[in-house]
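A.B. asks: What shape does this take:
(2 chains)
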Amino acid sequence: MSAVERESGALEKARAAALAELRRAPVARPWTRRAAILGAAWGGLCALIALGALAAGSAAPTSLATLAALLALAAVASVAAVAPGTRWASVILVAAPVTMGLLALARGEGIPSSTPGWVCSVSHVGVGLLPLGWAIWALGDAAWRWPRALAAGLGAGTAGAFVGELACHQGARHVLIHHVGAWLFVAGACVAISRYRRPRSFAP
Amino acid sequence: MEQFCRGDERAFETLYARHAPPVLAFLARMVRDQAMAEDLLQTTFLSVVRARGRYQPGTTVRGWIFAIAANAGRDALRRRRARPEDLAVGRVVVDAVVEPAPSADPAAARAIEDALMKLPVDQREAVVLHKLQELSFEEIAAALGISVGAAKVRAHRGYQKLRALLAPLGLEGPS
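C.D. replies: So this is what the prediction gives:
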């Protein structure tokens, strides 16, 4: 087979595959739809956690402002995880540490507890597993970029932070070590796992 | 592009006919392996179809498609943990497929191709897109997700390295 024949064969094969894909899904889905689904999933989980804590009567005294800040962070992170480019991810990379710092500062001395700190860490990571799975699924829509993957991981970790805000009464030091630490672990896991998954598309 | 986003097959055919051959040539130069380049061509255009909802109006279609091809090529090279010497295996086949480098002398063209493979991937991408695919630095910046200045720096460093690699062979390299 000559080089020209081989090249035209390769071109025809790729054309046929792409055309079949176009026929399978003729209408383009905007990335905003995927961001809305991801944001709704994360927000819905946070709402379920809040309802569960209220129903169980275990909700710690916390300000609505901190919960609203976490929900806002999750909403922006859902956009950052899916949006083309990394502009939104940059917003999260600034906003997340600020939010983490404010959450710890707002806690102050807190209320001492006999519960070991690792229980909070494990709970935070455990609650973050499902949102982490959604984040990794959403990241598959585009080529891997670390700022986007990190923003998605930080968004996934907000569910655990939500649990911490509602169920944990301990002070700033505990929050920084056991909650922020677990949050960063979830974010790091998102970066690492998404790096080795083959995306569905290599679009920027 | 708007018609393609609405699922118009003729719009896709036009887009494919215009962009697929240069994308295949670019991929062949990027990975220096014909079978891999052909697979990556398919991956690129499957991505184009799947991700057309991510296309940002105002960016050039050519730049966007080359961005996808560059991402796919980089991912494939990373997965194969490619080193230039590993890639030499596919060279003979690829040399038949890619358009010849801009040189009348086949030996010089081969030397340029070999030198190109010795560049770091990011510099090779910038040089191939600029010199051989004739993309503007604005298009290259959009394709690689970097600033225009960074695209110029990568290409400049690539050209410098090419000149250094080609000088002992008595070749000047691209200007």
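A.B. asks: For beta bridges, what are the partners of the residue nearest to A:Pro112 when sequence neighbours are not counted?
C.D. replies: Leaving aside its sequence neighbours, A:Pro112 sits nearest to A:Gln170 (C-beta to C-beta, 6 or more residues apart in numbering or on different chains; 7.0 Å). No exception for glycine: its C-beta is placed from N, CA and C like everyone else's. A:Gln170 forms beta bridges with A:Gly110, as assigned by DSSP bridges.
A.B. asks: Pull the number of nearby residues for B:Gly73.
C.D. replies: Other residues near B:Gly73 come to 28 when the count uses other C-beta atoms under 10 Å in any protein chain shown.
A.B. asks: Could you pull up phi and psi at it?
C.D. replies: phi -60, psi -40 (degrees, to the nearest 10).
A.B. asks: who's in contact with the residue nearest to A:Pro112?
C.D. replies: A:107, A:110-113, A:117, A:120 (C-beta atoms under 8 Å, 6 or more residues apart in numbering or on different chains).
A.B. asks: Please repeat the previous calculation with a cut-off of 7 Å.
C.D. replies: Contacts here follow C-beta atoms under 7 Å, 6 or more residues apart in numbering or on different chains; on that basis A:Gln170 touches A:110-113.
A.B. asks: Reformat the residues you listed as CSV; add neighbour count.
C.D. replies: Output for those, formatted as CSV (neighbours: other C-beta atoms under 10 Å in any protein chain shown):
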residue, neighbour count
A:Gly110, 16
A:Ile111, 11
A:Pro112, 10
A:Ser113, 14
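A.B. asks: B:Phe45: which of those is nearest?
C.D. replies: Closest approach to B:Phe45 among the contacts of A:Gln170 (C-beta to C-beta): A:Gly110, at 56.0 Å.
A.B. asks: pLDDT value on that closest one, please?
C.D. replies: On pLDDT, A:Gly110 comes in at 77.
A.B. asks: Could you do B:Glu85 as well?
C.D. replies: Note for B:Glu85: predicted pLDDT of 48.
A.B. asks: Then B:Leu162?
C.D. replies: Value for B:Leu162, per-residue pLDDT: 88.
A.B. asks: Equivalent analysis for A:Arg107, please.
C.D. replies: pLDDT, read off for A:Arg107, is 83.
A.B. asks: Distance of it relative to B:Leu15?
C.D. replies: Distance, A:Arg107 to B:Leu15, using C-beta to C-beta, to the nearest Å: 55 Å.
A.B. asks: Show me which of the two is the more surrounded one.
C.D. replies: Taking other C-beta under 10 Å, A:Arg107 and B:Leu15 do not tie; A:Arg107 has more neighbours (24 against 21).
A.B. asks: contacting residues around the more buried one?
C.D. replies: Counting by C-beta under 7 Å, 6+ apart, A:Arg107 has contacts A:171-172, A:175.
A.B. asks: from the residues you listed, which would you call buried?
C.D. replies: Buried positions within these, assessed by neighbour count (16 or more other C-beta atoms under 10 Å in any protein chain shown), are A:171-172, A:175.
A.B. asks: what's near enough to touch the residue nearest to the spatial centre of chain B?
C.D. replies: Among the residues of chain B, the one closest to the centroid is B:Phe26, at 3.3 Å (C-alpha atoms, centre = their mean). The contact partners of B:Phe26, by C-beta under 7 Å, 6+ apart, come to B:66, B:69, B:128, B:133.
A.B. asks: now swap in A:Arg173 and tell me
C.D. replies: Counting by C-beta under 7 Å, 6+ apart, A:Arg173 touches no other residue.
A.B. asks: and A:Gly85, how many neighbours does it have?
C.D. replies: 17.
A.B. asks: how about it, secondary structure?
C.D. replies: Using DSSP: H, G, I helix; E, B strand; the rest coil, the three-state assignment for A:Gly85 comes out as coil.
A.B. asks: Okay, it and A:Ala3: tell me how far apart.
C.D. replies: From A:Gly85 to A:Ala3 the distance is 38 Å (C-beta to C-beta).
A.B. asks: Same check on A:Ala89?
C.D. replies: Remark: distance between A:Ala89 and A:Ala3 (C-beta to C-beta) = 42 Å.
A.B. asks: For residue 142, the count of nearby residues, please.
C.D. replies: Here I'm looking at chain A. By other C-beta under 10 Å, 26 other residues sit near A:Ala142.
A.B. asks: my bad, chain B
C.D. replies: 24.
A.B. asks: Repeat that for A:Asp141.
C.D. replies: Neighbours around A:Asp141, by other C-beta under 10 Å: 22.
A.B. asks: give the contact list for it.
C.D. replies: Contact partners of A:Asp141, counting by C-beta under 7 Å, 6+ apart, are A:31, A:34, A:82, A:200-201, B:51.
A.B. asks: for A:Gly108, same thing?
C.D. replies: A:171-172 are the contacts of A:Gly108 under C-beta under 7 Å, 6+ apart.
A.B. asks: can we see that at 10 Å?
C.D. replies: By C-beta atoms under 10 Å, 6 or more residues apart in numbering or on different chains, the residues touching A:Gly108 are A:171-172, A:175.
A.B. asks: Over to B:Val128?
C.D. replies: Counting by C-beta under 10 Å, 6+ apart, B:Val128 touches B:25-30, B:66, B:70, B:73, B:98, B:116, B:119, B:135, B:140, B:155, B:158.
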